[in-house]
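Trainee: what's the 3D shape of this:
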Amino acid sequence: MPLSPFVDAYDQLIVDLDGCVYVGDEPTPGAVEALGELRAAGKRTAFVTNDPRHSGEDYVQKLWGLGIQASLADVVTVGGAVQHLLAETRTGGTAFVIGTAAMWRHVTDAGLKVVNGSDLATRAEVVLVAGTDELTYDDLRSAVLALRNGADFLATSRDPTYPMADGLWPGTGAILAAVETGSGRAAQIVGKPEPQLFLTALERLGEGRTLAVGDRLDADVGAASAAGLDAALVLTGGTTAEEAEAAEGPRPVRVAETLAKLLTT
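Mentor: Residues are numbered from 1 along each chain as shown. Here you go, the predicted structure:
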């Protein structure tokens, strides 16, 4: 199963995880074998994700469980990008976080005090909205009040959904919409379609002709364009062939049914 001539023309790839390498807990068809061929051909590979619910270590463990060899240096997460930004610009402050325990750790490791559940929640200096499977009205209320009191406003993405085996589940953008509506404020986005995740991946990969691969026009193709990279789109996530054809913004240089077909056909 040799690499396709299209992919072989690139030195290295930046590959999105959710909806591209896997959907839920299952790899997309042929992805494990195709990524093995990519590595065997000497192509450098980095994985990126806009999903803020898990740590980098969690993603490495998941990839190994699927049969894909990866190290922590191979995975660039939006949580890591948030931690870097906060450590550079807001360390020593207080934060109210809508997100999972993994995101709380990123914020704490950046040098901020998470004030959820305390009297300081509505006076937090930063409100961060990230994806989570657990959301309460009290979370929304505290975040909105803190923002109306002048807090800085960050979010990991505007992704409205993420792909799972039984369909598209509400993503960070669905939660963010409620907070933005209630506060009358717009968040600064840290993840895709901002280019920082891809730029970080490029720092780790080094020099070379680079192809970004993802499953969303807005997030993946948009971020690749912002980073000055070619982008390919696969149709195993949240985008249909018709939507790809009708795209009016940045367009992919190649559309494929699956990651495996992109890499080996």
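
Trainee: domain assignment for this protein?
Mentor: Per automatic domain parsing, the domain ranges recorded for the chain read 5-50+192-264, 80-189.

Trainee: how far away from the center of its chain is the shortest one?
Mentor: Looking back up the chat, that one is domain 80-189. 15 Å (Cα atoms, centre = their mean, to the nearest Å).

Trainee: and it, how far apart are its ends?
Mentor: One end of domain 80-189 sits 14 Å from the other (Cα to Cα, to the nearest Å).

Trainee: contacts only, for the spatially closest residue to residue 54 that is not a sequence neighbour.
Mentor: Using Cβ to Cβ, 6 or more residues apart in numbering and skipping residues adjacent in sequence, the residue nearest residue 54 is residue 102, 5.4 Å away. C-beta coordinates here come from the backbone N, C-alpha and C atoms, glycine included. Residues in contact with residue 102 (Cβ atoms under 8 Å, 6 or more residues apart in numbering) are 52-55, 58, 79.

Trainee: drop anything exposed from the residues you listed.
Mentor: Buried residues within these, counting neighbours by 16 or more other Cβ atoms under 10 Å: 52-55, 79.

Trainee: which residues does residue 9 contact?
Mentor: With Cβ under 8 Å, 6+ apart, residue 9 has these contacts: residue 209.

Trainee: now for the helix or strand in which residue 144 is found, which elements pack on it?
Mentor: In this assignment (DSSP states H and E), residue 144 forms part of helix 137-148. When contacts are defined as 3 or more Cβ pairs under 8 Å, 6 or more residues apart in numbering; DSSP states H and E, helix 137-148 packs onto strand 94-98, strand 126-129, helix 172-183.

Trainee: next, the angle from that helix to strand 94-98.
Mentor: Between helix 137-148 and strand 94-98, the angle comes out at 140 degrees (axes from the mean of the first three to the mean of the last three Cα atoms, to 10 degrees).

Trainee: only C-alpha atoms, please: export the next helix or strand after helix 137-148 in CSV.
Mentor: Beyond helix 137-148 on the C-terminal side, the first helix or strand identified by DSSP H and E is strand 152-155. C-alpha atoms of strand 152-155 as CSV (Å, rounded to 0.1, in the frame of the first residue of the first chain):
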residue,chain,number,x,y,z
ASP,A,152,-11.0,38.7,29.9
PHE,A,153,-12.8,36.1,27.6
LEU,A,154,-11.0,33.1,26.0
ALA,A,155,-12.4,30.0,24.4
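
Trainee: returning to that earlier point: right, and the domains of the chain - which one's nearest residue 68?
Mentor: Closest of these to residue 68 is domain 5-50+192-264, at 5.6 Å (criterion: Cβ to Cβ).

Trainee: how far does that closest one stretch from one end to the other?
Mentor: End to end - Cα to Cα - domain 5-50+192-264 spans 8 Å.

Trainee: before we move on, what about stretch 67-74?
Mentor: First-to-last residue span, stretch 67-74, Cα to Cα: 15 Å.

Trainee: list the buried residues in that stretch.
Mentor: Quick answer for stretch 67-74 (16+ other Cβ under 10 Å): 68, 70, 74.

Trainee: same deal with stretch 174-190?
Mentor: So, applying 16+ other Cβ under 10 Å, buried residues of stretch 174-190: 174-176, 178-180, 183, 185, 187, 189-190.

Trainee: compute the first-to-last residue distance for that stretch.
Mentor: Per Cα to Cα, the first residue of stretch 174-190 is 16 Å away from its last.
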